[in-house]
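Trainee: Provided below are the primary sequence and the corresponding predicted coordinates.
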6 protein chains.
Amino acid sequence: MKKAFSTELLRKILNAEGAVGTWVHIPSPTSAEFLAYSGTDFLVVDLQHSLTGLEVAFDMIRVISLLEVTVLVRLTGLDILQAGRVLDAGASGIICPMINSKEEAEALVSACRYPPKGVRSYGPFRPRIMWKDTYLKDAIDGVIVIAMIETPDGINNMDEIASVDGLDGLFAGPNDVALALGEEPEMDPNNPIVRKVLRKIANSAIKYGKFAGIATDSSVFSKVSAAWGYRFHIVASDVKFMERGLQKMVAEMSERV
Amino acid sequence: MKKAFSTELLRKILNAEGAVGTWVHIPSPTSAEFLAYSGTDFLVVDLQHSLTGLEVAFDMIRVISLLEVTVLVRLTGLDILQAGRVLDAGASGIICPMINSKEEAEALVSACRYPPKGVRSYGPFRPRIMWKDTYLKDAIDGVIVIAMIETPDGINNMDEIASVDGLDGLFAGPNDVALALGEEPEMDPNNPIVRKVLRKIANSAIKYGKFAGIATDSSVFSKVSAAWGYRFHIVASDVKFMERGLQKMVAEMSERV
Amino acid sequence: MKKAFSTELLRKILNAEGAVGTWVHIPSPTSAEFLAYSGTDFLVVDLQHSLTGLEVAFDMIRVISLLEVTVLVRLTGLDILQAGRVLDAGASGIICPMINSKEEAEALVSACRYPPKGVRSYGPFRPRIMWKDTYLKDAIDGVIVIAMIETPDGINNMDEIASVDGLDGLFAGPNDVALALGEEPEMDPNNPIVRKVLRKIANSAIKYGKFAGIATDSSVFSKVSAAWGYRFHIVASDVKFMERGLQKMVAEMSERV
Amino acid sequence: MKKAFSTELLRKILNAEGAVGTWVHIPSPTSAEFLAYSGTDFLVVDLQHSLTGLEVAFDMIRVISLLEVTVLVRLTGLDILQAGRVLDAGASGIICPMINSKEEAEALVSACRYPPKGVRSYGPFRPRIMWKDTYLKDAIDGVIVIAMIETPDGINNMDEIASVDGLDGLFAGPNDVALALGEEPEMDPNNPIVRKVLRKIANSAIKYGKFAGIATDSSVFSKVSAAWGYRFHIVASDVKFMERGLQKMVAEMSERV
Amino acid sequence: MKKAFSTELLRKILNAEGAVGTWVHIPSPTSAEFLAYSGTDFLVVDLQHSLTGLEVAFDMIRVISLLEVTVLVRLTGLDILQAGRVLDAGASGIICPMINSKEEAEALVSACRYPPKGVRSYGPFRPRIMWKDTYLKDAIDGVIVIAMIETPDGINNMDEIASVDGLDGLFAGPNDVALALGEEPEMDPNNPIVRKVLRKIANSAIKYGKFAGIATDSSVFSKVSAAWGYRFHIVASDVKFMERGLQKMVAEMSERV
Amino acid sequence: MKKAFSTELLRKILNAEGAVGTWVHIPSPTSAEFLAYSGTDFLVVDLQHSLTGLEVAFDMIRVISLLEVTVLVRLTGLDILQAGRVLDAGASGIICPMINSKEEAEALVSACRYPPKGVRSYGPFRPRIMWKDTYLKDAIDGVIVIAMIETPDGINNMDEIASVDGLDGLFAGPNDVALALGEEPEMDPNNPIVRKVLRKIANSAIKYGKFAGIATDSSVFSKVSAAWGYRFHIVASDVKFMERGLQKMVAEMSERV
């Protein structure tokens, strides 16, 4: 039987220590396996801004979870039915983009939790074999549920969203936050208008006993955000690590004469 | 119509400049596309030491060639029929592992060239639309054919192999060369026994008017090998760039307290 | 031309005889084909609690329908658009989980029926070739539409749901029914609280001229439920038959000393 | 960098010239590539009446866009999240079936445009590499958004729909229009009741400064509809061209004695 | 149980009537299904000059055979093991390219026939369920085996090849025949040098009681070749029918002003 | 790091205990995962008599090996290059059908072992991450190599084959053995002519210090063969367990009136 699916990750997040992972954007169980061996605390299969469909996502979730790395999924949006599918495939948690209101956050939580805490349908296809009989009991609170704050409404309502019972964390997407504020999208932003909202999101999360997470492009900015209270760090992506390494090598070789 | 498929690559190799690429080991047209945008002179889809089957290889060859990056394929071995298939899919050249003798090198060349220079069957499925009517004329000499020297017999017979008409290059695989010599496999080897053979392979190629290629793990060793006469450099791989980038980030973050 | 797509199944269900099938949970047209040869009255491709995405589902629906076994699809949930897609792929009917109200049941029926009985869009991609020109006429009533009763609201509103015109059957999912009642999920339940509701669902269906269906784990419980009026039996699944057979063989072999 | 993604197509549509394409119904990047070489102004990957799932659709969008043919996607329905996914994959525009009202048309436009003109989330996975830094600026108005008028409500509300700011075109689907009117579905209809509504759709589009598009089965009817003001023509489909060509050949051969 | 797998096709070939099919080059069971409904006597899945790998070929063979259209496979080359795999998938016959000698033809026949007539291994994965218990008996002679004559050696040795016991037909590939003769490849050739050899191939087949087959681009040339004695006609391909139909429509539309 | 990949299996085989597994014939990592949880000592992915291509085989090998169940692959035939590919994907051993002679057995062993014991090329794509640095050392002898005795030549030469150094076991395929002897193919054969040869194969293996393996249809015949000295039992297959379970259920239900 595989290790309980979210305890260790949550412990790290709740400590000063924090947790670090990356976006999984290459739709392939092969690259996902190499990522799972690379030492992150978690990986996030992205169904929003990627070319990853459900079928290959299921294969990727399988491989990562078999290696006992906690796998989360970013949904395409607030799609209640998609949440159930990826959880039944073995994901340990959900990141939902574009949460605008308390009602949407409640619907998200409800989709991820079994009755009486929510309306998730029972049929844990892979959890039944991977985590055995304790899954129903473990999952009811153990599934990690994270709401992204990135739209104008979400920014306005962040406190109400943060207050939702059963939600584990708030997550900031700097690009969409910038667009919501009428600013240029920028990863690892210097823009003080954007930075101010990012700090508010962390504070809002902490005020309501939730953790704060953020997507960055580098460990440098992740450390900056850690100082603001962020404890859950998604840094760059498989694609970015790959293309940056390759581009750097090409540059080194071009100095070869 | 797309640019002629190998002229530019060959020009670079034949200049002091040399050419640089990487192994494509992730079986996905999505990651292949990002690689193709990253500035290499060529990419090599590997059918020997990978999880890449023919179907996804075809998709990868398509995407890379549509981006006008020269795509080569390393065959699983001396499989005459496989050579024809990947060429019909739009590969511009072939790297064949484990060539042991002049006869094997001749069979390889013959598989890659149309009559009367070889026995390749005519049916250029993608080249017909991508490179249009000149393909038959262009391909007869333009397909790049490279033999790997890495077995005991291959090492013994490297001069005879290098002498084969229609062969474009010799390629050294340091790991198998080391095993062939009874040494430990090592990328970017320091072992003088291995290094000596690697230098011999470059010399043999040059002596017979062929170019020399080599697989390395870093630009550092590629530059060392360039000094030995190597002009065709396959450095690391998509997987290695990805996992190294991720591991480095994790290490940086672990210094975060 | 293939046989009319649902007449025979409906005839069996409406007779005392009843109809029997199983869940198709392995996402593969190969295993689906073997299932289709095994003598069931129908098969249900499950898009809710499985790893089956739409693409492979389409391949499975094709193979099963070509073998003239009636294929139904359990939707992920009340997803109107998904219903149209699987019907255009050749499914003969729809099982929709988690129907809570009369309005939801009406929306489901409407999604599955062409105007003027519903709002299904016309574009029968596979039915056009498989069932030819009579499809439009046959499908308007012939598509089988089944609502699952398994949520607290669904249980409360089962009579209203059963009364919906154009609905063919009610379907009970014992696991979710149990959770809805605050009981432990259990296939083939002994729990009298759960059994009582299962009997009510059958009665409600019959009262409104609909058939009653149920998912069980064994023919034993299916026969029990048949005595309660259930006529549409989904027993176990491809995965369960496979793993039970294998486990039994391993056990027999372990007695081999 | 690839050419700006929709300028040329829009120029043709807005001229008397008009633009012509076909439905892409075969779920394969291989056939999509051959289509992209065949001289159409655009291609439409259909996610409504086909067996094409998201994963293969992404591969098809990639290949077509790399060949600098404008690729549009017909959504399964008014699925806001699906619109974002296919645009992030490199589609240049969206055709949405079954638009019933001004509110639905506004939701559609909003889903396809970045803030402040809409609510599309920022994360242009393929556009980032294919169209580089100008994408955000180009896409905000450049994404083509087309609403299908084909339901009873849509027909009643066509003027209000046509008036929606940010919508580029109205699109008529003759089959569903016929069903909506209580007539037999018919491509290239002769039915005057259907023809009358088709003419109204074109007029409505033109009145509000939008272009009019239509699906036909032949160039003959497309020319008829051009005379009514239609400027965006989807003629037949890959499947139909293939099966008609094959059937014609079989017929010719059967006259072979 | 499906109809006996090759009797009807062979009857037609052996009559003056002849049989007609096409190359299946699009790697998709969806387009294969439409082809199978289009009225040909047989279809040939091509593993030589296509992007079709084994996995999708199996899916295509399945769909075509379920529709009771005889499906043949052109191997990549004389690959004994590949022959067994596609026969176990449900192909009714094999076309092998580039047969050079009597020995190669004998190896081909042996690969396709069960002992004592050959060395095919017993394990009819799909035939076991599709054609039931008579398969072993039916297949021993019923599998259709066809050798392509297209290389210089094959042309020289055509009579010896034609004489091989258990071979059913000779098949001419005009492109490779032309290249073998030092002429330009040309479908439907006018070149008298090529035509002469094509007539010799038909004569050779007939002399040894075998049938003659040929690949053409049009029914026009197929009728020419029928006059030479060819009875098995592969005309154009799915891709060609599709692209020709589309190009013709685009041309018609361009005359639309 | 995963457990050493073959030690435990070999220990069981070499004890009186024996080892038991099944054929994996469904080309799906999903069903493979359920099989891997079902308690067998090993699983055999079959590339000979199945619809499993290399790509899905790699996914299946990955999942099974991640669950620390020993996975073997039956090659399509004596295909040296295929052996290397599946070992690089993480298979722990190879079963090769149709071995006819000592030379073929030696070629098989050589393909599976690194120099100096063989000619396997070094590039352990998945073993590098799954089994880490000891793989080269562990694999040189640890890869399990099994030759099938089933052809007339193989039966005649079984002693010479059994004597080959580096071979681990002989494996009997009753169907092909029967055909080789001119008898009807029969799993779990009663035919004394076939049984006699099966006993000879076990004796030959044991005489040369190799283990004997056999494919059966039931635990009953496996126990019979165990009495003859067979210690490695492949019983039935995933497909057979699935279809038998389903057929039995249908039969039980048909007694339901």
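Mentor: Now that the structure is in, tell me what you want to look at.

Trainee: of all the residues in the stretch 151-257 of chain A, which ones are close to chain B?
Mentor: Selection of the stretch 151-257 of chain A residues close to chain B by Cβ under 8 Å from any Cβ of the partner chain yields A:218-219, A:222-223, A:226, A:233, A:235-236, A:238-247, A:249-250, A:252-253, A:256-257. (C-beta placed from N, C-alpha, C; glycine too.)

Trainee: Quick check: phi and psi on residue A:172?
Mentor: The phi/psi pair for residue A:172 (degrees, to the nearest 10) reads phi -100, psi 130.

Trainee: swap that for residue A:149, please
Mentor: phi -110, psi 110.

Trainee: can you count the residues close to it?
Mentor: 31 (other Cβ atoms under 10 Å in any protein chain shown).

Trainee: just the helices in chain A please.
Mentor: Counting by DSSP state H, chain A has helices at residues A:7-14, A:29-36, A:54-66, A:80-88, A:102-112, A:127-130, A:135-142, A:152-156, A:158-162, A:174-180, A:192-207, A:219-227, A:238-254.

Trainee: picking that back up, of the residues of the stretch 151-257 of chain A next to chain B, buried ones?
Mentor: A:219, A:222-223, A:226, A:233, A:235-236, A:238-246, A:249-250, A:252-253 (16 or more other Cβ atoms under 10 Å in any protein chain shown).

Trainee: Centre of the chain to stretch A:92-112, how far?
Mentor: The chain centroid and the centroid of stretch A:92-112 are separated by 12 Å under Cα atoms, centre = their mean, to the nearest Å.

Trainee: got it, and stretch A:60-80?
Mentor: Using Cα atoms, centre = their mean, the offset of stretch A:60-80 from its chain centre is 9 Å.

Trainee: for residue A:108, what are its contacts?
Mentor: Applying Cβ atoms under 8 Å, 6 or more residues apart in numbering or on different chains to residue A:108 gives the contacts A:78, A:80, A:83, A:94, A:96, A:99, A:145, A:147, A:167.

Trainee: same question, residue A:32
Mentor: Taking Cβ under 8 Å, 6+ apart as the definition, contacts of residue A:32 comprise A:24, A:26, A:43, A:45, A:59, A:60, A:63, A:64.

Trainee: Quick check: the first one touching residue A:57?
Mentor: No - here residue A:24 lies out of contact with residue A:57, judged by Cβ atoms under 8 Å, at a distance of 9.0 Å.

Trainee: what residues are shared contacts of these two?
Mentor: Residues touching both residue A:24 and residue A:57 (Cβ under 8 Å, 6+ apart): residue A:45.

Trainee: tally of neighbours for the closest residue to residue A:171 other than its chain neighbours?
Mentor: Nearest residue to residue A:171, sequence neighbours excluded (Cβ to Cβ, 6 or more residues apart in numbering or on different chains): residue A:213, at 4.1 Å. Counted by other Cβ under 10 Å, the residues lying close to residue A:213 total 30.

Trainee: and of the contacts of residue A:108, the nearest to residue B:207?
Mentor: Comparing those against residue B:207 with Cβ to Cβ places residue A:94 closest, at 62.6 Å.

Trainee: isn't residue A:176 right next to residue D:121, touching?
Mentor: Yes - assessed by Cβ under 8 Å, residue A:176 is found in contact with residue D:121 at 5.5 Å.

Trainee: which residues touch whatever residue of chain A ends up closest to chain D?
Mentor: For chain A, the residue closest to chain D is residue A:49, as judged by Cβ to the nearest Cβ, at 2.8 Å. Residues near residue A:49 by Cβ under 8 Å, 6+ apart: A:25, D:88, D:121, D:123, D:124, D:125.

Trainee: now residue A:6
Mentor: With Cβ under 8 Å, 6+ apart, residue A:6 has these contacts: A:70, A:92, A:93, A:142, A:143, A:144.

Trainee: out of the residues you listed, who has the most neighbours?
Mentor: Counting by other Cβ under 10 Å, top hit in the contacts of residue A:6: residue A:92 with 28 neighbours.

Trainee: Distance of residue A:193 relative to residue A:229?
Mentor: From residue A:193 across to residue A:229, the span is 19 Å (Cβ to Cβ, to the nearest Å).

Trainee: let me redo that: residue A:19
Mentor: Residue A:19 is 14 Å from residue A:229, by Cβ to Cβ.

Trainee: what do you get for residue A:56?
Mentor: Separation of residue A:56 from residue A:229 (Cβ to Cβ) stands at 35 Å.

Trainee: Please identify which of these two sits among more neighbours.
Mentor: It is residue A:56, of residue A:56 and residue A:229, that has more neighbours when counted by other Cβ under 10 Å, with 21 against 16.

Trainee: Can you tell me how far that one is from residue E:254?
Mentor: 40 Å.

Trainee: go on, residue A:66?
Mentor: Where residue E:254 is concerned, residue A:66 sits at a distance of 56 Å (Cβ to Cβ).

Trainee: just residue A:134 next, same as before
Mentor: Relative to residue E:254, and taking Cβ to Cβ, residue A:134 is found at 67 Å.

Trainee: What of residue A:151?
Mentor: 46 Å.

Trainee: just residue A:135 next, same as before
Mentor: 62 Å.

Trainee: Quickly note the distance from the residue lying closest to residue A:49 once chain neighbours are set aside to residue D:109.
Mentor: Once flanking residues are discounted, residue A:49 sits nearest to residue D:123: 2.8 Å by Cβ to Cβ, 6+ apart. Separation of residue D:123 from residue D:109 (Cβ to Cβ) stands at 19 Å.

Trainee: Residues of chain A that sit close to chain C?
Mentor: Residues of chain A lying close to chain C by Cβ under 8 Å from any Cβ are A:53-55, A:58, A:62, A:80-82, A:84-85, A:88-89, A:114-116, A:119, A:121-126, A:136.

Trainee: Selecting buried members of the residues you listed in PyMOL, what would you type?
Mentor: Only the buried entries of those go into this PyMOL selection, using 16+ other Cβ under 10 Å:
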select buried, chain A and resi 53+54+55+58+62+80+81+82+84+85+88+89+114+115+119+121+122+123+124+125+126+136
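
Trainee: which residues touch the residue nearest to the spatial centre of chain A?
Mentor: Residue closest to the average C-alpha location in chain A (Cα atoms, centre = their mean): residue A:95, at 4.7 Å. Residue A:95 sits next to A:44, A:72, A:73, A:74, A:75, A:146, A:148, A:171, A:213 when contact means Cβ under 8 Å, 6+ apart.

Trainee: before we move on, the earlier item: okay, residue A:66 and residue E:254: which has more neighbours?
Mentor: Shown here are residue A:66 and residue E:254; by other Cβ under 10 Å, residue A:66 has more neighbours (23 against 12).

Trainee: I'd guessed the more buried one sits against residue F:66; true?
Mentor: Yes - applying Cβ under 8 Å, one finds residue A:66 in contact with residue F:66, separated by 4.3 Å.

Trainee: Okay, the closest residue to residue A:116 other than its chain neighbours and chain B: tell me how far apart.
Mentor: Nearest residue to residue A:116 in three dimensions, chain neighbours excluded: residue C:182, at 6.8 Å (Cβ to Cβ, 6+ apart). Applying Cβ to the nearest Cβ, to the nearest Å, the value for residue C:182 to chain B is 44 Å.
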